[in-house]
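[1] no sequence on this one, just coordinates:
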């Protein structure tokens, strides 16, 4: 075989391999574009599963947070007293609040040091607030159910009867 013919065959085979790979990659890209996984959809915290007409599912859809997620955020167990929940809420809210502005330094040799970066998180603070609101809303619904059903025992999550 002559050298030019061999080079031509190598180029032709390489082009065929490259073409097949490019075609397969294009096919995979089309499949990826059509596929919408659950994790990337607008469903937050299992809200899509809250489809029944119950009051709890309605609250889950309204607050866009499940009751379990709210308990995890505030680091409380189900059925804990509202005092404990509020204590954790106030602590987490305070920790994630912006720090007060420091007093301006006196004009001296250390006055040129830049202030430390902020250590607060508005996102976490808002999650803490939403978690408290979700637990309070659930507690209100449970208390309303107890009030409307005479003779029912008081077993609401906020009573602290653990």
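    Happy to help now that I have it. Because the structure is a prediction, the values reported are computed rather than measured.

[2] Pull out the buried positions in the helix-or-strand element of the chain with minimal mean pLDDT.
    Lowest on mean pLDDT, DSSP states H and E among the helices and strands of the chain sits helix 55-63, with a mean of 79. The neighbour-count check on helix 55-63 (16 or more other C-beta atoms under 10 Å) flags 59-60, 63 as buried. (Each C-beta comes from the backbone N, C-alpha and C, glycine too.)

[3] what angle do the one helix or strand residue 131 maps to and helix 55-63 make?
    Here residue 131, judged by DSSP states H and E, is contained in helix 122-148. Here the directions of helix 122-148 and helix 55-63 differ by 150 degrees (axes from the mean of the first three to the mean of the last three C-alpha atoms, to 10 degrees).

[4] per-residue confidence averaged over helix 122-148?
    Averaging pLDDT along helix 122-148 yields 88.

[5] can you pull out the helices in the chain?
    Assigned by DSSP state H, the chain shows helices spanning 3-34, 55-63, 67-74, 82-95, 122-148.

[6] about what we covered before: what separates the least confident helix or strand of the chain from the chain centre, distance-wise?
    Relative to its chain's centre, helix 55-63 lies at 17 Å (C-alpha atoms, centre = their mean, to the nearest Å).

[7] elements contacting it?
    If contacts are counted by 3 or more C-beta pairs under 8 Å, 6 or more residues apart in numbering; DSSP states H and E, helix 55-63 sits against helix 67-74, helix 122-148.

[8] Ok, which of those helices comes nearest residue 89?
    helix 122-148 (4.6 Å; C-beta to C-beta).

[9] which secondary structure elements does that closest one contact?
    helix 55-63, helix 67-74, helix 82-95.

[10] Show me which residues of it are buried.
    125, 127-128, 130-139, 141-142.

[11] Surely residue 75 is in contact with residue 91?
    No: counting by C-beta atoms under 8 Å, residue 75 does not reach residue 91; the two are 9.2 Å apart.

[12] Name the residues contacting each of those two.
    Listed as contacting both residue 75 and residue 91 by C-beta atoms under 8 Å, 6 or more residues apart in numbering is no residue at all.
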